[in-house]
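Trainee: Here you go, sequence then predicted model.
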Amino acid sequence: MRWVVTGGCGFIGRTFVRLLLARSNDTIRVIDDLSVGSRAELEQIGPVAALDPATLQTAATDATGCRIELVAGDIRDVALARRVVAGADAVIHLAANTGVGPSVADPMADCTANVLGTLNYLEACRHGGVGRFVFASSGAPIGDCEPPIHEELAPHPVSPYGASKLAGEAYCSAYKRSFGIDTVALRFGNCYGPLSSHKGSVVAKFIREALAGQAWEIYGDGAQTRDFIYVDDIAEAIFRAATAPGVGGEIFQIATNVETTVSELAEMLRTTLERNGVPTRGIRHAAPRIGDVKRNYSDTRKARDRLGWSARVSLADGLDRTVKWFLRRA
């Protein structure tokens, strides 16, 4: 197969590329604007051939045999999307503006990246004859509800981020039914794990703060709940969504079906850090953030039944692996 991975220099992207390298002899083309991840970080996964965005010719002379191709560019660039996708069998669309906070601060930027960027790559797939498109979504389209979240709940997003991801899901549904592209939307839980040094979510943020000798800041009282999922489990779900038969047009909850409060997470992480020789500096509470939901965890039975997938890594094990990875880099 020939794969295209948008946002492939990011946390989840590099983990998925690593899975493909281990599992196949396929060619992987990464498109990334390098605003978060870098070519050097991608090269830690495997040799990389940099391509000229204008011609998609190899910019380096020593890249013969590289299975990872890197195109530096913006997903909002329509012409580039058409060039990048040409000849691909599957597109894994991970590139996005991530997180509720940035979307509240700049809803227009969130929309142009998450809605127009997704539409560009769906259009590129339509014109390029690409058969499978996997879209990275989240629980944010559902908004506030009584969990567990499942695929049949009516969405009521409470943040611009949730609205933009809901729009992406809607376009995926439309492109399946109008143009026959086998789109699959995956609603990820709160992802954590190795390679997350740039990630702004709570696990990576708390580990970085502990290593810097800083106290942890929790928004609100810490009773809000999330479904924390290890990144290797997400990479496996992406692979199955890209290769399983008969799942075009579907949405899947990709999480652990376990509800954990932020305070419980903080205590587990404190224990893990201190067991690994890293002291923690306590917690301070800040005002709740606009757009954050109070409770969030997922019913993952559909993914188990249709994709043959379920999360394998427990939170305790995943936190230990993540802390050890951060310590090896320190």
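Mentor: All right, it came through fine. Bear in mind the structure is a predicted one, so any value in this text is a computation, not a measurement. Residues are numbered from 1 along each chain as shown.
Trainee: Nearest spatial neighbour of D292, chain-adjacent residues omitted?
Mentor: V100 (5.9 Å; Cβ to Cβ, 6 or more residues apart in numbering). C-beta here means a position set from N, CA and C on the backbone, and glycine is covered the same way.
Trainee: okay, now that neighbour: neighbour count?
Mentor: Residues lying near V100 (other Cβ atoms under 10 Å) number 21.
Trainee: Okay, now the unreliable bits of the stretch 101-250 of the chain?
Mentor: Along the stretch 101-250 of the chain, no part satisfies pLDDT under 70.
Trainee: ok, back up a step: thought the residue nearest to D292 was touching N296?
Mentor: No. In this structure V100 lies outside contact range of N296 using Cβ atoms under 8 Å: 11.3 Å.
Trainee: quick one: the strands in the stretch 51-200 of the chain?
Mentor: Assigned by DSSP state E, counting those that start in this stretch, the stretch 51-200 of the chain shows strands spanning 68-72, 90-93, 132-138, 182-188, 190-192.
Trainee: Next, give phi and psi for the residue nearest the centre of the chain.
Mentor: What sits nearest the mean C-alpha location of the chain, by Cα atoms, centre = their mean, is I12, with 5.0 Å. I12 adopts backbone torsions of phi -70, psi -40, taken as degrees, to the nearest 10.
Trainee: how close does it sit to V158?
Mentor: 24 Å (Cβ to Cβ, to the nearest Å).
Trainee: and if you look at A223?
Mentor: In terms of Cβ to Cβ, A223 sits 17 Å off from V158.
Trainee: neighbour-wise, which of those two wins?
Mentor: V158 (17 against 12).
Trainee: Which residues are in contact with the more buried one?
Mentor: 143-144, 291, 293 (Cβ atoms under 8 Å, 6 or more residues apart in numbering).
Trainee: Beyond the helix or strand harbouring L269, next helix or strand please.
Mentor: Assessed by DSSP states H and E, L269 sits inside helix 262-275. Counting by DSSP H and E, the next helix or strand C-terminal to helix 262-275 is strand 283-286.
Trainee: Who does that next one pair with, and is each partner parallel or antiparallel?
Mentor: Strand 283-286 has these partner strands in its sheet, going by DSSP bridges: strand 216-219 (parallel).
Trainee: And the strand or helix carrying D232, what does it pack against?
Mentor: Using DSSP H and E, D232 falls within helix 231-243. If you count contacts as 3 or more Cβ pairs under 8 Å, 6 or more residues apart in numbering; DSSP states H and E, helix 231-243 packs onto helix 11-23, strand 90-93, strand 132-138, strand 182-188, strand 190-192, strand 250-254, helix 301-307.
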